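*Asks:* When you get a sec, could you give me coordinates for this:
(chains A and B)
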Amino acid sequence: MREEEVERLRAIVRDCIGRHEYASATFYAGRVALATADPLDIYMEAQALLLAGHHRRALHLLTSSPPLLRDPRFRCLAAKCLEELKEWHDCLTMLGEAKVDDDGNVISHKDANMMNLDKQSDDHEINILSAICLLRAKAYQALDNRDIAKQWFKAAVKADPMCYEAMECLVDNYMLTCEEEKRLLSSLNFRKEDQWLYAHYSCMISKHEKSSVLEAKFRDLEEGTSGLSFSNSSSNKSPKYNADLMACKAEYYYQCGEYQKCFDLTSAILEKDAFHLKCVLYYLVASVELNRPNDIYVMADSLVKNYPNKAVSWFAVGCYYYCIKKYSQARQHFSKATSIEGTYAPAWIATCNTYAAQQENDHALTAYRTTARLFPGCHLPMLYIGMESMRTRNFKLAEQYLLEAKKKCPYDPLVYNELGVVAYHMKDYEKAAEWLELALDNLAFPLSELWEPTLVNLAHSLRKLKKYHKAIIYYEKALALSTRSLSAFAGLAYTYHLMDKYDEAITYYHQALWLKPDDQFCTDMLNLAIEDDAQTRKDFL
Amino acid sequence: MASKESCRNELRHAVKQLSDRGLHSASKWAAELLVGIEPDTPSSRPRTSGVTPLSSTLRHRFRAIAAAESPATATPPAGVSYVSTPIPSDDTDNDDYDSYLLAKSCFDCREYRRASHALRGQTGKRAVFLRCYALYMAGEKRKEEETIELEGPLGKSDSVNTELATIERELSSLHRNRSIDSFGLYLYGIVLRDKGCGSQALSVLVESVNSYPWNWSAWTELTSLCTTLDMLRTLNLKNHWMKDFFLASAFLELKMHEEALETYKRLLTIFRLSDYIQAQVATVHYNMRELDEAELIFEELLRTDPYRMESMDTYSNILYAKESFSTLSFLAHRVFLTDKYRPESCCIIANYYSLKGQHEKSVLYFRRALKLNRKYLSAWTLMGHEYVEMKNTPAAIDAYRRAIEINPRDYRAWYGLGQMYEMMGMIFYALYYYSKSAALQPNDARLWNAMAHCYESAPLGRIEEAIRCYKRSADCNDAEGIALHELARLYGELGQADQAAVYYKKDLDRMDAEERQGPNYVEAMFFLAKYCKSVGRYDEAEHYATRLLDSTGPEKETAKSILRGLRASNSGFASMEIDHFAP
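*Replies:* As a prediction, the model looks like this:
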């Protein structure tokens, strides 16, 4: 074949690949490769075969000439084929031996030459080393070797911070604790122009920061002041409409318990990008919190129609059943989700929660432990184990787990609240008050109704410490958030009773009984208060 | 005070602006007030003291006083000048007027969610208000429906307005940015009140009325939040003639009757024909137990505005208290034909049945009134009374409690609760409730009697406190005359015969004055006869003993023996008479 003819065919192949006409692409690529036997053409043929779904043929083509495999790009492609074929061991062998340490630094002499190699490669692609690390990570993850997988994911991001997929896997699968995430981020070397990416990553990992700090971060990113300012005319496509970033924000709102905001934001994003899956997830969970089964139903229905092979679709169905309190059906669908995607954390946690909701303590604990093992960076299973243990009045154990959760995520106010409750049950009221004050300090948003129990708990602790005036302040704060809290009214009444202020005590006991007429404690105490009051009353005579 | 012309002008604008925002009852109120301004006769412009267009004696009298005072009270004392609040113009510039029209129409058709949706994303103040208000109304409507659907055993339910949080979030951020108008503030105020943040609601509502004083609904909310005089005094309100309306109604609520009457009198100088003021004045009289005066005003009111519903339930209460059966029957039939599904009319009909002794039917109508308006205070209390008549203690207690929940200043409900608990033998509780009641209405002898009775009875047995209560009762012109007798009896039991004699004497004098007889009469005379004899006042003793002879029963025999004793210790002139009277 003539040179220009070959050139033309190559162009056709590239065009066919661009147009997803893989059969034509393989045909022409085969002809070109046969004619030239150029390694680059062989690479192109393998590429076309892989895209056409002929994984085995592509692999065969690549492995048939061993010299080729010295080039890391060929090995990477071959490994990709093996990944598609789900032959994980072979995949790892293909990628070659390498060691990685805890921080994701690759310790390998062999790869040194590869480093040199891709220095020449131009800026427009992600570092090949990073791609190799990512493949290794995925293989290890598929082999259930999550520790090593985690290290390779880290290595992938470190090799090239542009490797978004690795970062996403690390964050979404809760592989790292908050501390580790921060450390990883600070160890990455961004190019000057990529500062916006740094900002984006930092938004991805910050779930428990103060709202003001984070709002500022998001604002910076939205206005594009962090560097992603397009010099040309495309600047109107500012990242304001960036669904990924908005999804991060939604996640943040969800973590802080601002469910309505989360719901509003995700609904807005989904109007523009109906199946942004991360967004869908937060839309679902926010709807569960807000108890909107109807919205979940519609979403689940369209998800199952459009993405029947995605875990999130079945997770959505599970959410619907969870929301209408049919827990066993919910569980069935959650486990369907986990069987589709073993690393889908929300479905795992939701499964555990269905057990907890049905008061099946043992099952719940087992499930939480499994989840904790699968997602070492996620503090929620630990927290929930702590809560379950508390329910069975196993306070010592609960405390241990909660401290563990605190180690993983020292920013979640809920952990501090639970620690406070444990301390309260163990009659260490000083400590309980301390923990609960920490919980309030860690709140990212101004107090909402969600935190009314924390305030009441704190007030109870202060009452036990005989700091009645302070206790009353907190009870009143709690009542400002919600006027339907039996515990706050009863506590307030009891505090006044202890201070011998019968009139106030009687008023608040009445309020409490108005909410729950058969409350034994309040009935008894009201009797006492009224008798004491009658015996001592003189005031207006 | 502001001139009639300016009031008229302000009110005309207000009616338009209020109804533009769907604040129907406030706009009705303003319109009613507008026609209540006396028209200027061409001859004598501002002061028309001689001319009264209606010839009711009472009105005449009342208005004559008001008119006479008008020059002096034209500006309030102490040189307070009224701040003229500029009438805000509507900001129609950045509204999408067409979608506002759609929203308003939907709102008027009670399609609240649709109204709110039609205004989504709009930032004009009027649009924001109407959107939020429609959302609030939607939430309220849903809440009402849920209340009926999920009714608990005693009609209690936990349903709440689910839109509150959303509305509050939006309005509070607007409030922080100071980009909220007075209507928005009013809505913010009621949202805060519904959430139970009373003090915050109060300050927001004050802000609202200071910037836009013509929204009567905002003033009404303020009235219901001001539960003590101190709170009322600490409110930082701008001077405006609407403030006087507020103060007057707050005085009425706080039972400061004189002050209320005074303020209304002043207001009558401008709003001479206002039915609202007449009704309020009548209510004050009713609260002062001046039933006849109140009845007169109400009669007049019904003549001028025969289809009026507001405050007519008070009129029916008056008729009930006076037991004027035929008038009440007439009123009940009239309101039945006017609009039978108004809470007021149901209440009137219930009163009618109650007076007829048909308590089941009465309860039925009270229930209906409460279905129409859950916060209808007097219906809860009155229904409690009906249940008492029907001996349904739990239902009565519940009704009273609901009344207290709505307004903890309702002394009748507290008293009712006390009665119920006393009936169940829970004296401590009864005492507590009675004392609440007495603290609210310290001039009502019945309450003190009830309290005293509690102190006296078994588990407490604190006679001294009981005596003090009875003394309070006696100070309040105890109409039933229980206090004096009980005081005498208690002192007698304590062995303090001197004190006992004083009170028996007082009681006797009272009964003589009222020409009443009965066991108490006999007892008093019996005690006094013995007492006078024992302290050596034989003439008096003889006087009482002689009067005792008219009675029947064992006392008569004792009286005879007393007289015999007297005769023995004194001269023997009386013996003949005794023999003469012997059977």
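*Asks:* where in chain B is pLDDT low?
*Replies:* Low-confidence segments of chain B (pLDDT under 70): B:1-2, B:41-95, B:151-158, B:478-479, B:569-583.
*Asks:* Enumerate every residue touching the closest residue to B:M242 other than its chain neighbours.
*Replies:* Sequence neighbours aside, B:P213 is the residue nearest to B:M242 in space, at 4.0 Å (criterion: Cβ to Cβ, 6 or more residues apart in numbering or on different chains). From N, CA and C alone the C-beta is placed, and that goes for glycine too. For B:P213, the contact set (Cβ atoms under 8 Å, 6 or more residues apart in numbering or on different chains) comprises B:85, B:238, B:240, B:242-243.
*Asks:* Narrow those to those in helices?
*Replies:* B:242-243 (DSSP state H).
*Asks:* neighbour-wise, which of the contacts of B:P213 leads?
*Replies:* Neighbour counts for the contacts of B:P213, by other Cβ atoms under 10 Å in any protein chain shown, peak at B:M242, which reaches 28 neighbours.
*Asks:* tell me the contacts of B:T263?
*Replies:* B:244, B:247-248, B:251 are the contacts of B:T263 under Cβ under 8 Å, 6+ apart.
*Asks:* Can you tell me how far it is from B:F271?
*Replies:* As for B:T263, its distance to B:F271 is 12 Å (criterion: Cβ to Cβ, to the nearest Å).
*Asks:* Please determine how far the residue nearest to B:M242 is located from B:W219.
*Replies:* Taking Cβ to Cβ, one finds B:P213 at 8 Å from B:W219.
*Asks:* ditto for B:Y307
*Replies:* 25 Å.
*Asks:* Neighbour count: the two, which is higher?
*Replies:* B:W219 (25 against 11).
*Asks:* Tell me how the chain divides into domains.
*Replies:* All of this is about chain A. A:1-96, A:379-437, A:447-541 (automatic domain parsing).
*Asks:* ah, I was thinking of chain B
*Replies:* Under the assignment the TED database, the domains of chain B span B:1-32+B:96-151+B:160-225, B:431-515, B:517-571.
*Asks:* packing partners for the top helix by length along chain B?
*Replies:* Ordering each helix of chain B by length in residues (DSSP H) puts helix B:125-149 first. Under the contact criterion of 3 or more Cβ pairs under 8 Å, 6 or more residues apart in numbering or on different chains; DSSP states H and E, helix B:125-149 touches helix B:97-108, helix B:112-118, helix B:164-176, helix B:182-195.
*Asks:* Identify the contacts common to B:P213 and B:W219.
*Replies:* What both B:P213 and B:W219 touch, as defined by Cβ under 8 Å, 6+ apart, is the set B:M242.
*Asks:* so who does the residue in chain B that chain A sits nearest to touch?
*Replies:* Closest to chain A within chain B is B:G196: 3.4 Å, counting by Cβ to the nearest Cβ. B:G196 sits next to A:479-480, A:482-483 when contact means Cβ under 8 Å, 6+ apart.
*Asks:* can we see that at 7 Å?
*Replies:* Contacts for B:G196 (Cβ atoms under 7 Å, 6 or more residues apart in numbering or on different chains) come out as A:479, A:483.
*Asks:* Helices along the stretch 301-450 of chain B, start to end?
*Replies:* Secondary structure of the stretch 301-450 of chain B (DSSP state H, counting those that start in this stretch): helices at B:312-322, B:325-338, B:343-355, B:359-372, B:377-389, B:393-406, B:411-423, B:427-440, B:445-456.
*Asks:* The last one packs against which elements?
*Replies:* It stands for helix B:445-456. Helices and strands touching helix B:445-456, by 3 or more Cβ pairs under 7 Å, 6 or more residues apart in numbering or on different chains; DSSP states H and E, are helix B:411-423, helix B:427-440, helix B:463-475, helix B:482-494.
*Asks:* picking that back up, which among the helices of the stretch 301-450 of chain B is found nearest to B:G121?
*Replies:* Ranking those by their distance to B:G121 (criterion: Cβ to Cβ) puts helix B:359-372 first, at 35.9 Å.
*Asks:* Up against chain B, what does the stretch 51-200 of chain A have?
*Replies:* On the criterion Cβ under 7 Å from any Cβ of the partner chain, chain B has no neighbours in the stretch 51-200 of chain A.
*Asks:* which stretches of the stretch 51-200 of chain A form helices?
*Replies:* Under DSSP H, counting those that start in this stretch, the stretch 51-200 of chain A gives helices at A:55-63, A:72-84, A:88-95, A:112-120, A:128-142, A:146-159, A:164-172, A:178-187, A:195-205.
*Asks:* Quick one: residues in contact with the second one.
*Replies:* The contact list for helix A:72-84 (Cβ under 7 Å, 6+ apart) reads A:43, A:46-47, A:50, A:55, A:58-59, A:62-63, A:68-69, A:90-91, A:94-95, A:114, A:117, A:128, A:131-132, A:135, A:138-139.
*Asks:* got it, and the first one?
*Replies:* The contact list for helix A:55-63, computed with Cβ under 7 Å, 6+ apart, reads A:42, A:45-46, A:49-50, A:68-69, A:74, A:77-78, A:81-82, A:84-85.
*Asks:* can I get the helices of the stretch 301-450 of chain B in CSV with mean neighbour count?
*Replies:* Shown next, in CSV, are those (neighbours: other Cβ atoms under 10 Å in any protein chain shown):
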stretch, mean neighbour count
helix B:312-322, 22
helix B:325-338, 16
helix B:343-355, 25
helix B:359-372, 20
helix B:377-389, 24
helix B:393-406, 21
helix B:411-423, 23
helix B:427-440, 24
helix B:445-456, 24
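*Asks:* any chance of those in CSV, plus distance to A:A250?
*Replies:* Converted to CSV, the helices of the stretch 301-450 of chain B look like this (distance: least, Cβ to Cβ, whole Å):
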stretch, distance to A:A250
helix B:312-322, 53
helix B:325-338, 55
helix B:343-355, 46
helix B:359-372, 43
helix B:377-389, 46
helix B:393-406, 40
helix B:411-423, 50
helix B:427-440, 51
helix B:445-456, 60
